[in-house]
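Q: Please work out how this folds:
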Amino acid sequence: MKVLLNDQQVVEMSFDSKEGKKAFWHTSAHVLAQAVKRLYPNAKCAIGPAIENGFYYDFDFDFSFNDDNLKAVEDEMMSIVKESLSLSVEDKPMQEAIDYMEEVQEPYKLEMIKELPEGERISFYKQGDYVEFCCGPHIANVSQIKAVKLLSVAGAYWRGNEHNKMLTRIYGISFPKASLMEEYLHQLEEAKARDHRKLGKELELFAIMDEGPGLPFYFPKGLILKNQLIDYWRKIHIREGYQEISTPIMLMKSLWEKSGHWDHYRDNMYVTSVDDMDYAIKPMNCPGGMLVYKSKSHSYREFPIRVGELGIVHRAEKSGTLHGLMRARCFTQDDAHIFMRPDQVRNEIQGVIRLIDEVYSKFGFPYEIELSTRPENSIGSDEDWELAINSLKEAVEEMGKPYVINEGDGAFYGPKLDFHVKDSIGRTWQCGTIQLDFQLPQRFELDYVDENGEKQRPIMLHRVVLGSIDRFIGILIEHYAGKFPVWLSPVQVKVLPVSDKYLEYSKEIVKALRDKDIRVELDDRNEKLGYKIREARMDKVPYMVVIGEKELQANMVSVRARDLEPDKADIGLMSLDELIKNIDKK
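A: Reported below is the predicted structural model:
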């Protein structure tokens, strides 16, 4: 794939690369804008970036844009593609760029150009009759686009500010091969069927109520699922030498000023007042963990100190970004902070990587690692940042783990390793994180006494494995399409008596299973057996136990398995002990 750079060089890039996709989808956004301007010359263009999956463009229309318009624009885009327009790039001085935007009456572009530093030269990309103020890069010719699909229309405030005008945002996707579009659209349909919000309601797991946007309500089955995850988390963390703590959900403003969150994260925090003092509901657990560390003195002999917290945090997410459990305002983080000496840094990073690897393997998630470096809005010295970045690099490389660099996307206090899991239909989700932090120990004046009796500053790791437990549940719902592994299933066995005649024996079976800590339900409704079986399958229950005359006389149970094809699901008669052993192995 040929890509045109700002300096007018044409280079080869693979569509499979991050940079290649960005150039391809950014150009597709330009084709979208060109099609809109051809069909609706009075439309005003705002911004049109490439995003994680595809692109969008924001427009200001003087009419109500609808699905009929969407189809017309998509057809026009394909007409433009067939014209095989080559792209060219030209720099303009700022005043010339301003004059041009005034001439073509593009107020949104004009506003952005006027905000650039004085004297800066502005790059413009041209394809046929369309010219776009843009920093590039772009594919060299629009003919490389072989398939386009406009997916949806939404409202979007200019620059994300609700005080600005509401624009029309058009989302789209494009590919260099038609077959890739077919695969993507199939994945999209599969994703709709697996939508955790839909399945969460059908399986009675959770809901987001109108009275609490972004604030999940867990139903009994959903809480069983969440508690199973938490039990697993606690088990492996106890094994790895973590101590668990709990810190308050609300703490004084002075703490958040000391941590740096008040200056760097204030817009995402909920604040309140108590006794005429400002407080913030915690968006992160770290500052509370600092206070726990400072509550006593520490010796070098104690290190590393591994402290975990299943802390409930709240973040002021904009309403338009909320998405079930995936993007919520309240969630539980499986946080942990590791305090260590300089000579322990590499081992501790690698220990966390091994733990993350174990957990993701249990759920069948392959993953990729991304190293995010220093952002513009950061604290700390150049020396500290260089040391932190190199420590993360060396730890990962020594383990032979591949990774990619994500420039400038670290936390404001330190670089991080992000772990992106791939689900069963090929989507990626960022879950685990390891952040190396030299800054908070300094801000909170943490110390320990070394072997010479001198006070030293510890180094700290922030880390999560699941990330947000709630978001991880959403990912699991979609990954498994609601068919959770037996150990995680809210209901592991459903007992189905053929009639009331077998109700007492069915209740004995239920009690025997519960005595073995197996999660079981009894379906004692006056319904036909076939209906009960279909219902149990719809509820994704791993095992169905049928109780009739044959089972009663043999003092056994007939078992059907969820994960087998319907015509093979009937496993047949077995003793209760055999069933229990079968479940224990899962």
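
Q: show me where pLDDT drops low in the protein?
A: Scanning the chain for pLDDT under 70 picks out the ranges 7, 566-567, 585-586.

Q: Longest helix in it, please.
A: Ranked by residue count, the top helix of the chain under DSSP state H comes out as helix 18-39.

Q: then that helix to PDB, C-alphas only?
A: Written as PDB, here are the backbone C-alpha positions of helix 18-39 (Å, rounded to 0.1, in the frame of the first residue of the first chain):
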ATOM      1  CA  LYS A  18      -1.200   0.700  13.000                       C
ATOM      2  CA  GLU A  19       0.200   3.500  10.800                       C
ATOM      3  CA  GLY A  20      -1.100   1.900   7.600                       C
ATOM      4  CA  LYS A  21      -4.700   1.600   9.000                       C
ATOM      5  CA  LYS A  22      -4.600   5.200  10.200                       C
ATOM      6  CA  ALA A  23      -3.500   6.500   6.800                       C
ATOM      7  CA  PHE A  24      -6.000   4.400   5.000                       C
ATOM      8  CA  TRP A  25      -9.000   5.300   7.200                       C
ATOM      9  CA  HIS A  26      -7.900   9.000   7.400                       C
ATOM     10  CA  THR A  27      -8.000   9.100   3.600                       C
ATOM     11  CA  SER A  28     -11.400   7.400   3.600                       C
ATOM     12  CA  ALA A  29     -12.700  10.200   5.900                       C
ATOM     13  CA  HIS A  30     -11.500  12.700   3.200                       C
ATOM     14  CA  VAL A  31     -13.400  10.700   0.600                       C
ATOM     15  CA  LEU A  32     -16.500  10.900   2.800                       C
ATOM     16  CA  ALA A  33     -16.100  14.700   3.100                       C
ATOM     17  CA  GLN A  34     -15.600  15.000  -0.700                       C
ATOM     18  CA  ALA A  35     -18.700  13.000  -1.300                       C
ATOM     19  CA  VAL A  36     -20.800  15.100   1.100                       C
ATOM     20  CA  LYS A  37     -19.500  18.400  -0.400                       C
ATOM     21  CA  ARG A  38     -20.400  17.100  -3.900                       C
ATOM     22  CA  LEU A  39     -23.900  16.200  -2.900                       C
END
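
Q: and it, how far out from the chain's middle?
A: Here helix 18-39 is found 26 Å from its chain centre; the criterion is C-alpha atoms, centre = their mean, to the nearest Å.

Q: Make 799 the first number, not 1, from now on.
A: Yep, numbering from 799; the last one is helix 816-837 now.

Q: Can you give the domain ranges for this structure?
A: According to automatic domain parsing, the chain comprises the domains 800-985, 995-1278, 1291-1382.

Q: I'd like to know which of the ones you listed lies nearest to residue 1285.
A: Among the domains of the chain, the nearest to residue 1285 by C-beta to C-beta is domain 995-1278 (7.1 Å). Placement of C-beta: from N, CA and C, glycine included.

Q: Relative to the whole chain's centre, how far out is that closest one?
A: Put simply, domain 995-1278 sits 13 Å off its chain's centre (C-alpha atoms, centre = their mean).

Q: now the domains of the chain in JSON lines, with mean neighbour count?
A: Shown next, in JSON lines, are the domains of the chain (neighbours: other C-beta atoms under 10 Å):
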{"stretch": "domain 800-985", "mean neighbour count": "17"}
{"stretch": "domain 995-1278", "mean neighbour count": "17"}
{"stretch": "domain 1291-1382", "mean neighbour count": "16"}
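
Q: Let's have the ones you listed in CSV, adding distance to residue 1284.
A: Putting the domains of the chain into CSV (distance: least, C-beta to C-beta, whole Å) gives the following:
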stretch, distance to residue 1284
domain 800-985, 27
domain 995-1278, 11
domain 1291-1382, 5
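
Q: tell me the contacts of residue 1343?
A: 1291, 1292, 1293, 1294, 1307, 1355, 1356, 1357, 1358, 1377 (C-beta atoms under 8 Å, 6 or more residues apart in numbering).

Q: at 6 Å instead, please
A: 1291, 1293, 1355, 1357 (C-beta atoms under 6 Å, 6 or more residues apart in numbering).

Q: For residue 1001, see how far away it is.
A: 20 Å (C-beta to C-beta, to the nearest Å).

Q: repeat for residue 1372
A: 27 Å.

Q: Pull up the distance across stretch 1286-1306, start to finish.
A: In stretch 1286-1306, first residue to last residue: 24 Å (C-alpha to C-alpha, to the nearest Å).

Q: which residues make contact with that stretch from outside it?
A: Contact with stretch 1286-1306 is made by 1019, 1022-1023, 1026, 1284, 1307-1308, 1311, 1316-1322, 1327, 1330, 1334, 1339-1346, 1350, as judged by C-beta under 6 Å, 6+ apart.

Q: Only C-alpha atoms, please: export the strand or helix carrying residue 1021 in CSV.
A: Secondary structure from DSSP states H and E places residue 1021 in helix 1018-1037. Output of helix 1018-1037 as CSV, limited to C-alpha atoms (Å, rounded to 0.1, in the frame of the first residue of the first chain):
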residue,chain,number,x,y,z
PRO,A,1018,-28.3,-12.1,42.1
LYS,A,1019,-26.9,-14.1,39.2
GLY,A,1020,-24.6,-11.2,38.2
LEU,A,1021,-23.3,-10.8,41.7
ILE,A,1022,-22.5,-14.5,41.8
LEU,A,1023,-20.5,-14.1,38.6
LYS,A,1024,-18.7,-11.0,40.1
ASN,A,1025,-18.0,-12.8,43.4
GLN,A,1026,-16.6,-15.9,41.6
LEU,A,1027,-14.1,-13.6,39.8
ILE,A,1028,-13.2,-11.9,43.0
ASP,A,1029,-12.7,-15.2,44.8
TYR,A,1030,-10.4,-16.3,42.0
TRP,A,1031,-8.6,-13.0,42.2
ARG,A,1032,-8.1,-13.3,46.0
LYS,A,1033,-6.9,-16.9,45.8
ILE,A,1034,-4.1,-16.2,43.3
HIS,A,1035,-3.1,-13.0,45.1
ILE,A,1036,-2.8,-14.7,48.4
ARG,A,1037,-0.6,-17.3,46.8
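
Q: Packing partners of that helix?
A: Using 3 or more C-beta pairs under 6 Å, 6 or more residues apart in numbering; DSSP states H and E as the contact test, no helix or strand touches helix 1018-1037.

Q: Could you list which of the contacts of residue 1343 belong to strands?
A: Members of the contacts of residue 1343 lying in strands (criterion: DSSP state E): 1291, 1293, 1355, 1357.
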